[in-house]
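1. I would like the atomic coordinates for the input below:
(chains A, B and C)
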Amino acid sequence: MPELPEVEVTRQSFSDRIRGARVTAVRVGKPLRWGLGCEPASIVAQTVGDVTRRGKYLWLELDRGGLLMHLGMSGSLAFSATTDAPGPHDHFDLVTANGTLRLTDPRRFGAVVWSPSADSGVAAKLLGRLGLEPFDARFDGAHLHAALKRRRVAVKTALLGGDIVVGAGNIYACEALFEAGIDPRVRSDRISRPRAERLAVAIRTTLARAVQLGGSTLRNFRDSHGAAGAFQAQARVYGRAGAACARCGGTIRRIVQGGRATFFCAGCQKR
DNA sequence: AAGTGGACCTGCTAGC
DNA sequence: TGCTAGCAGGTCCACT
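-> Reported below is the predicted structural model:
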């Protein structure tokens, strides 16, 4: 579910409220993708620091170490003043003096993992392979072009890999390629420098616009206040197979790449 | 080394 | 109305 915009919108919606709060209890539900990696009780009495984002991961700083959180495909975080009885899909509660941060994740591909720091232990292992942040000044056409040159997969598959640039998942990779006018099937090493330039810009603007709009609300994504996002109403290709392209009137197609659905307009997106 | 496919798990929807 | 197949925003890991 959550790609960079959804994770960032979630982060912004609770980081100020949880910062400085003392942890009073931790509740762990059904197993997530990885175990917590520490005794839940060892987190109690620590104080929450900054909540930062790296790719689609959130890092929640504690006095000693921190928690690396991922929302997987179906996860969401809610921060509320009260601690309601957990539902069947509520698998992690961080109860603090300011409120309770709760992870709800039906499919349980998400995770909450303790790590001694963001750049050691499990966090280092998971974050270490990630590519540049899309809003990092170093992420530009030159960087993207050079990175794509080193791969021979379809450009869309290369974007989803997350080792070149993070944050663009299936929705935003499709949308960015549409914005850049690039056919998702083009081999990454055949993307010219000017097209890489346009693609880098498209990735940045697409993700930035989605953050502004509060993310996409497919199924039931909500930020930690429970607010829905509005981006999906603006999707030009994602989820629109068979519909008319708003730009050229052609028909949006759906294909499968690397086991994932890809949506594109053959009229607007060139080889 | 890089590319591919399977694995993880549950819920919803379309179609019969 | 009820059942089933297919699909879903991610990403790690094993295998070729």
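2. rest of the way, CA atoms for contacts and neighbours
-> Will do.
3. let me see the contact set for the closest residue to DNA strand B within the stretch 101-250 of chain A.
-> In the stretch 101-250 of chain A, no residue comes nearer to DNA strand B than A:Arg152, which is 3.3 Å away by C-alpha to the nearest atom of the strand. Counting by C-alpha atoms under 8 Å, 6 or more residues apart in numbering, A:Arg152 touches A:Arg187, A:Ser188, A:Asp189.
4. can stretch A:2-15 be said to contact DNA strand B?
-> No. Stretch A:2-15 lies apart from DNA strand B when judged by C-alpha under 7 Å from any atom of the strand; the minimum separation is 14.7 Å.
5. how distant is that stretch from the center of its chain?
-> Centroid displacement of stretch A:2-15 relative to its chain, using C-alpha atoms, centre = their mean, to the nearest Å, is 8 Å.
6. same check, this time on stretch A:76-91
-> 21 Å.
7. ok, that stretch near DNA strand C or not?
-> No. Stretch A:76-91 lies apart from DNA strand C when judged by C-alpha under 7 Å from any atom of the strand; the minimum separation is 8.7 Å.
8. straight-line length of that stretch, end to end?
-> With C-alpha to C-alpha, to the nearest Å applied, stretch A:76-91 spans 11 Å between its terminal residues.
9. swap in stretch A:207-216?
-> For stretch A:207-216, the first-to-last residue distance is 11 Å (C-alpha to C-alpha).
10. what does stretch A:129-137 give?
-> Termini of stretch A:129-137 sit 19 Å apart (C-alpha to C-alpha).
11. can it be said to contact DNA strand B?
-> No. Applying C-alpha under 7 Å from any atom of the strand, one finds stretch A:129-137 separated from DNA strand B by no less than 11.6 Å.
12. doesn't A:Arg253 make contact with A:Ala261?
-> No. Under the criterion of C-alpha atoms under 8 Å, A:Ala261 lies out of contact with A:Arg253, with a separation of 10.0 Å.
13. give me every residue in the stretch 151-271 of chain A lying close to DNA strand B.
-> Near DNA strand B, the residues belonging to the stretch 151-271 of chain A are A:Arg151, A:Arg152, A:Val153, A:Gly258, A:Gly259 when assessed by C-alpha under 7 Å from any atom of the strand.
14. neighbour-wise, which of these leads?
-> Looking at those with neighbours defined as other C-alpha atoms under 10 Å, the largest count falls to A:Val153 at 18 neighbours.
15. would you mind measuring from that one to DNA strand C?
-> Computed with C-alpha to the nearest atom of the strand, to the nearest Å, the distance linking A:Val153 and DNA strand C is 14 Å.
16. show the contacting residues for that residue.
-> With contacts defined as C-alpha under 8 Å, 6+ apart, A:Val153 is in contact with A:Arg187, A:Ser188, A:Asp189.
17. in a helix, the residue of the stretch 101-250 of chain A closest to DNA strand B, correct?
-> No. Following the definition DSSP: H, G, I helix; E, B strand; the rest coil, A:Arg152 is coil and is not counted among the residues of a helix.
18. gap between it and A:Lys270?
-> When C-alpha to C-alpha is applied, the distance between A:Arg152 and A:Lys270 equals 18 Å.
19. go on, A:Phe231?
-> The spacing between A:Phe231 and A:Lys270, counted by C-alpha to C-alpha, is 25 Å.
20. look at those two and report which has more neighbours.
-> Neighbour totals were compared for A:Phe231 and A:Lys270, and A:Phe231 leads with 20 against 15 (other C-alpha under 10 Å).
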